[in-house]
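J.: here is my input; please provide its structure:
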Amino acid sequence: MFLLSVLFWLSAFLILYTYLGYPVLIALLAKIRPGREEFFETSPQITILIPAYNEEKYIAEKLENTLQLDYPRDKLQILVAADGSSDGTPEIVASYASQGVELGYIPDRNGKMAAIIRAMEFARGEIVVFSDANNMYDKRAIRELILPFSDPAVGATTGAKLIIEDGRDLSSAEGLYWKYESAIKRSESRVDSCVSSVGEILAIRRSVFVAPKEKIINDDHYIILDLLRRGYRVIYTPRARSFEYVSLTAEDEVERRTRMNAGLYQTISMSGRLLPFRRPLLVWQVVSHKYFRAFVPFALLIMLFSNISILLLQLEGNPATSTSMFKALLAGQAVFYALALLGNVLKLQGIMGKLLYLPVFLVNSNLATLMGFFSFVTNKQKHVWKKVRR
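T.: All right, here's what the predicted structure looks like:
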């Protein structure tokens, strides 16, 4: 009986620490860190590397956006890795050859990481910026992204992901999530390094890139951890902004998050040789920011079932485990899951949709995490991703 109570409160602590405790602690650490780093502007040779699998819908707009970036054209190589594309993507990219756009293409599809590794052989820039075909950059994104590289200790930088508001509550929900992530990464960078990135706006020194030997699901997270392990810093640059639309439906978003979480479990399984153990502060950041999220759905389930079990056994006597308190806690959980179910079934818009945003988002996110776990342990999630609709 006592064990059930301990399980309940430990699970509650893990959930609260992951979503609220760690962001508050890292923000406080950032506040007490003396001074602020000043980087100076440079103009090194840059390669923008765009992996593009069957992106004929977006690739022309992406190339136009890239050609209009505020950066010296003679110092900017635009390289598209269209490996495996079976639509018109290679032909569209080839039509931009007169404007200096370079195409890398083989008919075989071996996944995004394989395309990146192959394309890196042709990259000439001192800094390589990894982008996607369906995201657009702010005009000054590259200048902001490369500023921290004036510090030789910086191995990579990552920019801000902004969701284009299209009137759907799903876009509002995703937009709020990325603002939350942005706040955490700002604090992490001020303390030492941020420990995650978005793959669509990630810059790395070409000289420090090391291709993984394994078939990696989450290429960006692997790259970041590998750099941290080798002693480099990773800096978040929020003024380097990338814009994109959210997935077409909530189901598509769950599918996207499922594969991302399968990749997270893969990364956790490789922790023995990926975590920067010589930098304990960073290990704490990685575990708190990324790893604990992989265990939140299990904590939610333990909370629910231990709460039910406590009431069934009618524990009494200890104020910390009083029946009345656990009745209220179970009622709160029931309301939370009922609201999430209501939001998913009715798909309400407007004010009601926004009110249901938090339970829907949290339940769907943790459902995707759980699905990602089973996808990883059953080896169903491959390094070659299925694209989601946007």
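J.: tell me the bridge partners for residue 103.
T.: Taking DSSP bridges, one obtains residue 80 as the residues bridged to residue 103.
J.: so who does it touch?
T.: 80, 82, 90, 93-94, 97 (C-beta atoms under 8 Å, 6 or more residues apart in numbering). (Glycine included, C-beta is placed from N, CA and C.)
J.: am I right that residue 48 is in contact with residue 81?
T.: No - using C-beta atoms under 8 Å, residue 48 is not in contact with residue 81, being 11.2 Å away.
J.: quick one on the thing from earlier: out of the contacts of residue 103, which is nearest to residue 309?
T.: residue 82 (54.6 Å; C-beta to C-beta).
J.: what about that closest one, distance to residue 136?
T.: 18 Å (C-beta to C-beta, to the nearest Å).
J.: three-state assignment of residue 56?
T.: coil (DSSP: H, G, I helix; E, B strand; the rest coil).
J.: report how many residues lie close to it.
T.: Using other C-beta atoms under 10 Å, the number of residues around residue 56 comes to 17.
J.: most centrally placed residue in the chain?
T.: By C-alpha atoms, centre = their mean, the mean C-alpha position of the chain lies nearest to residue 198, the distance being 5.1 Å.
J.: residue 281: how many residues sit nearby?
T.: There are 13 residues near residue 281, going by other C-beta under 10 Å.
J.: how far away from the center of its chain is the helix or strand containing it?
T.: Take DSSP states H and E as the rule and residue 281 turns out to sit in helix 280-289. Offset of helix 280-289 from its chain centre (C-alpha atoms, centre = their mean, to the nearest Å): 16 Å.
J.: and it, C-alpha only, in CSV?
T.: Included here for helix 280-289 are C-alpha records, laid out as CSV according to Å, rounded to 0.1, in the frame of the first residue of the first chain:
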residue,chain,number,x,y,z
PRO,A,280,27.9,16.7,-15.9
LEU,A,281,25.9,19.9,-16.3
LEU,A,282,25.1,18.9,-19.9
VAL,A,283,24.3,15.4,-18.9
TRP,A,284,21.7,16.8,-16.5
GLN,A,285,20.3,19.0,-19.3
VAL,A,286,20.1,16.2,-21.8
VAL,A,287,18.4,13.9,-19.3
SER,A,288,16.0,16.5,-18.0
HIS,A,289,15.1,18.2,-21.3
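J.: buried residues in the helix or strand just after that helix, which are they?
T.: Following helix 280-289 in sequence order, the next helix or strand is helix 296-313 (DSSP H and E). In terms of neighbour count (16 or more other C-beta atoms under 10 Å), helix 296-313 has its buried residues at 296-297, 299-300, 302-304, 306-307, 309-310.
J.: which residues touch helix 296-313?
T.: Contacts of helix 296-313 (C-beta under 8 Å, 6+ apart): 1, 4-5, 7-8, 10-12, 14-15, 18-19, 321, 323, 326-327, 329-330, 333, 366-367, 369-370, 373.
J.: pLDDT of stretch 264-284, averaged?
T.: Averaged across stretch 264-284, the pLDDT comes to 94.
J.: now do the end-to-end distance for it.
T.: 16 Å (C-alpha to C-alpha, to the nearest Å).
J.: renumber starting at 440 from here on
T.: Sure thing, new numbering starts at 440, so read that last one as stretch 703-723.
J.: neighbouring strands for the longest strand belonging to the chain, and are they parallel or not?
T.: If you go by DSSP state E, the chain has its longest strand at strand 672-683. Sheet pairing of strand 672-683 (DSSP bridges) gives strand 575-576 (antiparallel), strand 593-602 (parallel).
J.: C-terminal to the lowest-mean-pLDDT helix or strand in the chain, what's the next element?
T.: Here the helix or strand of the chain ranked lowest by mean pLDDT, DSSP states H and E is helix 789-794, holding a mean of 65. Per DSSP H and E, the first helix or strand lying C-terminal to helix 789-794 is helix 796-816.
J.: check which residues of that following helix are buried.
T.: 796, 798-812, 814-815.
J.: kindly report the same for stretch 645-659.
T.: 645, 648, 655-659.
J.: out of the residues you listed, flag the one nearest to residue 617.
T.: residue 659 (14.6 Å).
J.: please tell me how far residue 638 sits from residue 467.
T.: Counting by C-beta to C-beta - residue 638 and residue 467 are separated by 29 Å.
J.: circling back to that earlier point, so which bits of whichever helix or strand comes after the longest strand of the chain are buried?
T.: Once strand 672-683 ends, the next helix or strand along the chain (criterion: DSSP H and E) is helix 689-708. Applying a neighbour-count criterion of 16+ other C-beta under 10 Å, one finds 689, 691-707 buried in helix 689-708.
J.: contact partners of stretch 670-678?
T.: By C-beta under 8 Å, 6+ apart, stretch 670-678 touches 579, 583-584, 586-587, 590, 592-599, 621, 624-625, 627-628, 631-634, 636, 647, 663, 666-667, 715, 717-718.
J.: strands - which of the residues you listed land there?
T.: Using DSSP E, the contacts of stretch 670-678 in strands are 593-599.
J.: looking at those, which is nearest residue 499?
T.: Checking the ones in strands among the contacts of stretch 670-678 one by one against residue 499 (C-beta to C-beta), the nearest turns out to be residue 598, at 22.5 Å.
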